[in-house]
Structures are given as structure tokens and as C-alpha cells.
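*Asks:* sequence plus the predicted model coming up.
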Amino acid sequence: IPGWSRGKWLENGDVGDLQVKLETSVELRGVAKEAVSRMALRELDPAGDWYVVSTLPQAMAWEVDVPRWGHREGLVIEENGLWISPAGLETRSSFHYDKENVMNCLVAGEGEKLWWFIDTRKYGDILPWVRGGRYNSTKDRYNTGTDWLALDLDAIDEDLHHPWLEKVEIQTAVQRVSDCMVVPYSMLHLAWSPARASGGVDFNAAVAWSFLSLDDGPYECLDGASLPLAAVKNVWPY
């Protein structure tokens with residue numbers, strides 16, 4: 001959605017006046033207190049240090065196409081998410097897993113998003129979870145909640161993290177604008193956009209939706225029309 005990379009689109013009254021939630025650009029769950037605030041989209045400064053991590057407003061969801069696979073029978077969409085940052089700003093999540101499957105699409109901006117994955121089913125028993133007692137290593141469909149690691153990549157505590165870091169395999173993937181990434185439920189992951197010089201756009205933007213599948217069988221990706229994300233029913237709308 002190229003228009004989302006420019007500040008001008010926020011002049012649209014249907015979008016610009018909408019409130020979104022802001023968080024720190026580098027997430028440090030379990031390491032430091034997060035700063036959380038709210039702001040209207042039109043107030044976002046491309047030269048600022050902020051990160052929108054919010055529910056996707058319905059007015060914007062009309063511009064996001066969901067392929068036929070994403071709105072098939074038996075699939076329940078929980079929530080639609082929105083991430084926006086100033087172009088060139090470093091953003092990074094914590095290492096965490098979600099209780100639902102997630103489809104994450106990088107829809108506007110420039111540069112790349114790097115993803116790191118650790119197979120929770122293989123290594124879940126040796127990871128130093130912050131909350132603890134949520135991950136079900138026998139049957140992860142029955143996880144009682146999400147969890148994460150208090151791992152600050154800028155200052156790794158060797159005493160705490162070295163014993164398990166040397167035992168796990170970390171897999172990586174690169175996401176570019178127009179790419180969508182499917183993250184399975186309970187898969188430990190971290191998303192990182194390195195700092196870089198802006199090439200002339202104002203914002204980077206990603207959209208994601210979390211979903212549950214009532215059918216674990218294979219699905220044939222036959223031809224079928226896409227739908228706007230706003231037209232697909234979800235449990236927790238904006």
C-alpha cells in the first residue's frame with residue numbers, strides 16, 4: 001500500500017483523526033518498563049522516535065486485501081494489528097510467542113525486517129521464561145497464555161542466557177515490502193528492523209491479523225477472490 005509510506009495520507013479525515021497506541025521502538029518486556037501513550041495518526045512526526053503498536057482502524061482495513069486462504073470456512077480472525085514507525089528508525093520486538101497464528105504483512109516503506117525463530121516445541125523446556133507455567137511442552141495447543149524472554153540484545157546477561165543460547169538453533173528470515181510472514185502459534189520469534197538512512201519515504205507500516213484454525217488439515221489454495229480485511233469478521237475489532 002504505497003500511499004501509507006507518505007505523511008500526506010494522514011490528512012484524510014477518515015484516518016488522520018483516529019487514535020492509535022504508541023510504544024517504545026525497542027521492546028524490552030521483562031527488562032524495562034514500557035512507555036505507552038496514545039496519539040492521533042495525523043500527529044505522528046516522521047522525524048520523531050515513536051512506534052505505533054495498535055489495533056488496526058477499520059477505515060484503514062478496507063485497503064488491506066486478504067487472500068481466499070485467509071477468510072475460508074473454519075478460520076477465526078481474533079484481531080487486526082497495525083505497526084507504523086518513522087522510516088529509518090530501528091524497531092525490535094522481544095523474543096516471545098503468541099497463542100494464535102499470525103499473518104504479518106509489510107505493506108509500506110523501505111528496507112527489510114529480519115525475523116529470528118526458535119522452535120518452542122523443541123526447546124521450550126530449557127528456555128528461561130519470564131512468566132513461567134504458561135507453555136505446555138506436551139501439547140502446546142493448551143498453552144495457558146503467552147510468554148517471552150527477558151533478553152536485551154544490546155546487553156546480553158551471559159550468566160542468565162549463555163547456558164541455553166549455546167543449545168538452541170536460531171532460524172532467520174528476511175521480509176521485504178509486499179511480503180507476508182506466517183508465524184505459527186507458540187513459535188518463539190523476534191522481529192527487527194535495523195536503523196538505516198531513509199530513502200525519501202516518511203513511514204514504514206505493517207499489518208497483521210491473528211487467527212485460529214478449527215481445521216488442522218491441509219488446505220488447497222484454489223482460485224478465489226480476495227476480500228478487504230475490514231469485511232472479514234474478527235473477534236476484537238478497533
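*Replies:* Yep, that arrived. This is a predicted model, so every value here is computed, not measured.
*Asks:* for Glu73, see how far away the residue of the chain most remote from its centre is.
*Replies:* The C-alpha centroid of the chain is most remote from Asp159, which lies 29.4 Å away (Cα atoms, centre = their mean). Separation of Asp159 from Glu73 (Cβ to Cβ, to the nearest Å): 51 Å. Glycine gets a C-beta too; all of them are placed from N, C-alpha and C.
*Asks:* list the buried residues of the helix or strand where the residue farthest from the centre of the chain lies.
*Replies:* Under the criterion of DSSP states H and E, Asp159 resides in helix 158-165. The neighbour-count check on helix 158-165 (16 or more other Cβ atoms under 10 Å) flags His161 as buried.
*Asks:* adjacent strands (with direction) for the host helix or strand of Leu22?
*Replies:* If you go by DSSP H and E, Leu22 is part of strand 19-23. Sheet pairing of strand 19-23 (DSSP bridges) gives strand 37-40 (antiparallel), strand 51-55 (antiparallel).
*Asks:* buried ones in the first one?
*Replies:* It stands for strand 37-40. Within strand 37-40, the residues scored as buried using 16+ other Cβ under 10 Å are Met39.
*Asks:* what's the local residue count around the residue nearest to Val26 when sequence neighbours are not counted?
*Replies:* Using Cβ to Cβ, 6 or more residues apart in numbering and skipping residues adjacent in sequence, the residue nearest Val26 is Arg92, 4.8 Å away. As a burial measure, Arg92 scores 19 neighbours (other Cβ atoms under 10 Å).
*Asks:* tell me which helix or strand of this structure sits lowest on mean pLDDT?
*Replies:* Lowest on mean pLDDT, DSSP states H and E among the helices and strands of the chain sits helix 158-165, with a mean of 80.
*Asks:* for Tyr123, grab phi and psi.
*Replies:* Torsion angles at Tyr123 (phi, psi; degrees, to the nearest 10) stand at phi -120, psi 0.
*Asks:* correct me if wrong: it contacts Glu166.
*Replies:* No - using Cβ atoms under 8 Å, Tyr123 makes no contact with Glu166, being 11.7 Å away.
*Asks:* which of those two has more neighbours?
*Replies:* Between Tyr123 and Glu166, counting by other Cβ under 10 Å, Tyr123 is the more crowded of the two (16 against 7).
*Asks:* so who does that one touch?
*Replies:* Residues counted as contacts of Tyr123 (Cβ atoms under 8 Å, 6 or more residues apart in numbering) are 164, 167-168, 188.
*Asks:* farthest pair within the residues you listed?
*Replies:* Spatially, the most separated pair among those is Lys167 and Leu188, at 13.6 Å (Cβ to Cβ).
*Asks:* what comes up buried for stretch 143-156?
*Replies:* By neighbour count with 16+ other Cβ under 10 Å, stretch 143-156 contains the buried residues 143, 147-151.
*Asks:* then stretch 174-182?
*Replies:* Under 16+ other Cβ under 10 Å, the buried positions of stretch 174-182 are 175, 177, 181.
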